[in-house]
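**Student:** Okay, sequence plus prediction incoming.
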Amino acid sequence: MHLDIPKLSFVDSIAKELKTKELVIITGLPGSGKTELAHQIVQALTNIITTKEKLANFQHIHDLKNLDFVINEDKMIFLILDHCIKSWFNKTVIDDMFKKLKSSTKKTKGMVHALVCVPDILLEAFKSSLKSSSFKNVIYDLKDGNIYKDEDWKVIFDSHLKSKNEMMKSLKYQKTDIDAWRQSFIEIQAGDIGKPTLAKLLFEDARNFQNVSNFLQNTHECIMNRISALSESTCVSERRHFVVLVMLMLNNGKLNTDELNKDALADICKSFDVEDVNLFEQLEYPEIGQNAKMVTVHCRETVRVTFDVLWKKRKDLVFKYCDDTVFLELVSLTEGMTDQELIALNDRFQSIFRSMKGKFHVEDHNVASKLLRK
């Protein structure tokens, strides 16, 4: 479920930069609000562009191959590159992307402006590629403590608080408690997860309010411990909870229960000693939403952590059943893998290369490159 957050204090200034620059890069930790910020910038641009100027054309690029499109030269073109930028990209991929962007810019005499959301792990590679380009660019690093203001953190916290109004009423917390938690959120420094997602995760589960300070300071560890405990529980209902999370993770956080991979479900249920009968009926787990046959994970971080838990326990299930997109995004070449696991990992990559033939540089995945060197 998308949460509408009021416009943040710095959005208009970035929108004005994008109107005058060929390239604006937004970078930050996973969960730092890049996608929400891109959405707000697009909305702000529609207000900044005056009726005296040529109408703008906004294009969300879902696959980098689409950068070869035919451009209407009578309009300003704003390209939004967000989900198409993958954390596994290497410099070859990034250089090729910049070449395509430059070609588009030349075709339209400089009327193309690109907003690119870049995972922080790729920032140095992007900077390196920019050195050899002539793009007029600016980079906004959301880890910079001077971008988000205290008022922005308050807006984000209160937006999630409002969305969980009924839950908070049922918990019967006092205003002084909520004020203290809000202040703790404003003051906390982000670790492995961006602060906007910390707020989302905090309000996802009532148990997090048992020790708000600890949860905000150790969010990843708290979620990892909780999901690991589900997988190892002696309680069948908790192991069922874990299996549901695994099935959702393997399907990139969203699935239609009519389209379940029954072999995968049977295998995973057997692995964790769970009956697969009526597994997806009347789900009431805090991390999950259900609308008829559609089941989704509320937060991307839950997908990441579930992947990490299963990766440690049963890599073979990841190799065999994981969605290609999730696999490419989250797989890592960890030390200590057995020869058999390395062979299985290579086999999975080769299968992906065959199934995604023609996709933008998928064969240049950084883990696949390391694997070949081994």
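**Tutor:** Cool, got the structure. Numbering: from 1, shown residues only.
**Student:** ok, the residue nearest to the spatial centre of the chain - contacts?
**Tutor:** Taking Cα atoms, centre = their mean, the centroid of the chain lies closest to residue 300, which sits 5.5 Å from it. By Cβ atoms under 8 Å, 6 or more residues apart in numbering, the residues touching residue 300 are 30, 31, 197, 253. Using the backbone N, CA and C atoms, a C-beta is placed for each residue, glycine as well.
**Student:** Is residue 27 in a helix, a strand, or coil?
**Tutor:** At residue 27 the chain is in strand, as set by DSSP: H, G, I helix; E, B strand; the rest coil.
**Student:** pLDDT score for it?
**Tutor:** On pLDDT, residue 27 comes in at 96.
**Student:** Can you tell me the SS state at the closest residue in space to it that isn't next to it in sequence?
**Tutor:** Nearest non-adjacent residue to residue 27, counting by Cβ to Cβ, 6 or more residues apart in numbering: residue 118, 4.3 Å away. Secondary structure, three-state DSSP: residue 118 is strand.
**Student:** Cross-check the contact I'm expecting between residue 118 and residue 83.
**Tutor:** No - judged on Cβ atoms under 8 Å, residue 118 makes no contact with residue 83 at a distance of 12.0 Å.
**Student:** Looking at the two, which is more packed in?
**Tutor:** residue 118 (23 against 15; other Cβ atoms under 10 Å).
**Student:** ok, the more buried one to residue 137 distance?
**Tutor:** To residue 137, residue 118 is 12 Å away according to Cβ to Cβ, to the nearest Å.
**Student:** residues shared between the contacts of the two?
**Tutor:** By Cβ under 8 Å, 6+ apart, the residues touching both residue 118 and residue 137 are residue 25.
**Student:** how about residue 112, phi and psi?
**Tutor:** When read as degrees, to the nearest 10, the backbone of residue 112 gives phi -90, psi 130.
**Student:** no no, residue 122
**Tutor:** phi -100, psi 0.
**Student:** Skipping adjacent residues, who's closest to it in space?
**Tutor:** residue 89 (6.0 Å).
**Student:** neighbours around that neighbour, how many?
**Tutor:** Residue 89 sits with 24 neighbouring residues when counted by other Cβ under 10 Å.
**Student:** for it, what are its contacts?
**Tutor:** Residue 89 neighbours (Cβ under 8 Å, 6+ apart): 122, 125, 361, 364, 366.
**Student:** Quick one: classify it as helix, strand or coil.
**Tutor:** Using three-state DSSP, the structure places residue 89 in coil.
**Student:** Tell me how far it lies from residue 171.
**Tutor:** 43 Å.
**Student:** re the thing from before, quick one: which of the contacts of residue 300 is most hemmed in?
**Tutor:** With neighbours taken as other Cβ under 10 Å, the top of these is residue 31, carrying 23 neighbours.
**Student:** Might one say that that residue is in contact with residue 219?
**Tutor:** No - contact criterion Cβ under 8 Å: residue 31 and residue 219 do not qualify, at 9.3 Å.
**Student:** picking up where we left off before, how far away is the residue nearest to the centre of the chain from residue 342?
**Tutor:** 28 Å.
**Student:** what does residue 234 give?
**Tutor:** In terms of Cβ to Cβ, residue 234 sits 34 Å off from residue 342.
**Student:** Which one's more surrounded, these two?
**Tutor:** Ranked by neighbour count (other Cβ under 10 Å), residue 234 and residue 342 place residue 342 first, with 13 against 7.
**Student:** so that one sits right up against residue 371, yeah?
**Tutor:** Yes - between residue 342 and residue 371 there is a contact under Cβ under 8 Å: 7.0 Å.
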